[in-house]
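Engineer: sequence unavailable; structure follows:
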């Protein structure tokens, strides 16, 4: 019985594709990224609002992030703990134009994000413009399926409201 449970957990972890490797982050990308470049042509990035979310005691510093569609933001996510954390917000990232994604000040190879993993003592910056008005969930989970994060990982969740 124990072997079946261990196998099930291992299989789910492998299928999620989110284990940390020797690299400090494994950013999850998707291939069908929509081109919203016209949305950001007139954006004045000097007026972008910075929103910072950090991890403390395995929880997000804020469980609610509010944004206005069409307005530029720099979403800064900080992991000041000695433990890896994830910021998974698939639908939110797909409903936004991401012009730049940085991890510890190094540019990511793609701006079509699904989520990202942050190693201990690291940070990420996502330069973005939300284009879809909606309510979204974000979570700290290594699993692709949200319920698994809550059941197996005891992941913290929060909400993003784009008006």
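Structural biologist: Here it is on my side, so go on. The structure presented is a predicted model; accordingly, all values stated were derived computationally and were not measured.

Engineer: close enough to count as contact, residue 116 and residue 86?
Structural biologist: Yes - contact criterion C-beta atoms under 8 Å: residue 116 and residue 86 qualify, at 7.1 Å. Bear in mind the C-beta positions are built from the backbone N, C-alpha and C, glycine included.

Engineer: which of those two has more neighbours?
Structural biologist: Applying other C-beta atoms under 10 Å to residue 116 and residue 86 shows that residue 86 carries more neighbours, namely 27 against 24.

Engineer: for that one, list each beta-bridge partner.
Structural biologist: Assessed by DSSP bridges, residue 86 has beta-bridge partners residue 117.

Engineer: just residue 113 next, same as before
Structural biologist: Judged by DSSP bridges, the bridge partners of residue 113 are residue 29.

Engineer: what is the burial count for it?
Structural biologist: Residue 113 has 25 neighbours, counted by other C-beta under 10 Å.

Engineer: pLDDT-wise, which helix or strand of the chain ranks last?
Structural biologist: helix 2-16 (a mean of 38; mean pLDDT, DSSP states H and E).

Engineer: where in the protein is pLDDT low?
Structural biologist: Low-confidence segments of the chain, defined by pLDDT under 70, span residues 1-40, 141-155.

Engineer: tell me where it has helices.
Structural biologist: Applying DSSP state H to the chain gives helices spanning 2-16, 90-94, 146-148.
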